[in-house]
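# What follows is a predicted protein model with its sequence.
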Amino acid sequence: MDGRGQGLQERAAAPYNFNLAQFLGDPAMVQQAYGTAEPLYAKTEGAAVDTFLLADQGWTTYGGTIETRQQLIDENPELVQRFVDASIEGWYNYIYGDRSAAYAAIMAANPEMTVEKLDAEMAQFEALGIIDSGEALEKGIGALDEARIKDFHDLAVASGILEAGSVDLSKVADTRFVNKGTGLDLKAKLSAE
């Protein structure tokens, strides 16, 4: 619903331009955003913000994935596994460990970031229950569920984004590299410290 109590209309849809200016200038505006970033920035500008996760509305797709070429998977699966494992362990260290080195690297790459902004984003991650949640609690961060992938495919077909039969789901995601509980021991260790 928009701020005037009217349902969202197709006529109201506009391309996402990664800019909060329209949102900040119109109290009836609804805008897509990363739940851990733009809502915080809008609040610092004095806007009243409500955040609604698409996942809570039945949107089942994954928000972030690691992608590579099939050739690399075929020729060097050990490298792919090491990269995936390092990414998973990196997230556990970032969420549960000392993030001062990560913060320093982020702020060096983006001078507009501050420790306060990064801490606020982490608090938002926790408040929204994202990254280390759902199937990741048992299978580890990065967990993939083939039924969830099929559900998103079926939604795309039903909405006309894809033609039925145009995508081979066996080639969409490779679960060989995830769902192994990688990093759960690290999470337990960091959480106990």
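Nice, thanks for sending it over.
# for this protein, which helix is longest?
Criterion DSSP state H: the longest helix present in the chain is helix 77-96.
# OK, contacts around the residue nearest the centre of the chain?
Centroid-nearest residue in the chain, with CA atoms, centre = their mean: residue 63, separated by 3.6 Å. Residue 63 is in contact with residue 130, counting by CB atoms under 8 Å, 6 or more residues apart in numbering. All C-beta atoms are positioned from the backbone trio N, CA, C, and that covers glycine.
# Show me which residues of the longest helix of the chain are buried.
By 16 or more other CB atoms under 10 Å, the buried positions in helix 77-96 come out as 80, 81, 84, 85, 88, 89, 91, 92, 93, 94, 95, 96.
# between the following helix or strand past that helix and helix 77-96, how many degrees?
On the C-terminal side of helix 77-96, the nearest following helix or strand under DSSP states H and E is helix 100-109. Relative orientation of helix 100-109 versus helix 77-96 (axes from the mean of the first three to the mean of the last three CA atoms, to 10 degrees): 100 degrees.
# burial of residue 36, as a residue count?
Using other CB atoms under 10 Å, residue 36 has 19 neighbouring residues.
# circling back to that earlier point, could I get the buried residues of helix 77-96 as TSV with distance to residue 67 and pLDDT?
Listed next are those as TSV, based on distance: CB to CB, whole Å; pLDDT from 0 to 100:
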residue	distance to residue 67	pLDDT
80	11	98
81	15	98
84	11	98
85	16	98
88	15	97
89	19	97
91	17	94
92	21	96
93	22	96
94	20	95
95	22	94
96	26	95
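# now those as a markdown table including distance to residue 144?
As requested, the buried residues of helix 77-96 are exported to a markdown table (distance: CB to CB, whole Å):
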| residue | distance to residue 144 |
| --- | --- |
| 80 | 14 |
| 81 | 14 |
| 84 | 11 |
| 85 | 14 |
| 88 | 12 |
| 89 | 17 |
| 91 | 15 |
| 92 | 17 |
| 93 | 21 |
| 94 | 20 |
| 95 | 19 |
| 96 | 22 |
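# Residue 174: which of the residues you listed is nearest?
Nearest to residue 174 out of the buried residues of helix 77-96 is residue 80 (CB to CB; 8.4 Å).
# Put the alpha carbons of the helix or strand in which residue 147 is found into CSV.
Taking DSSP H and E as the definition, residue 147 sits inside helix 146-158. What follows is helix 146-158, C-alpha atoms only, in CSV (Å, rounded to 0.1, in the frame of the first residue of the first chain):
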residue,chain,number,x,y,z
GLU,A,146,16.5,-26.9,-4.8
ALA,A,147,12.8,-26.7,-4.0
ARG,A,148,13.2,-23.0,-3.3
ILE,A,149,15.0,-22.5,-6.6
LYS,A,150,12.2,-24.3,-8.4
ASP,A,151,9.6,-22.2,-6.6
PHE,A,152,11.2,-19.0,-7.8
HIS,A,153,11.4,-20.5,-11.3
ASP,A,154,7.7,-21.4,-11.2
LEU,A,155,6.9,-17.8,-10.0
ALA,A,156,8.9,-16.4,-13.0
VAL,A,157,7.0,-18.6,-15.4
ALA,A,158,3.6,-17.8,-13.9
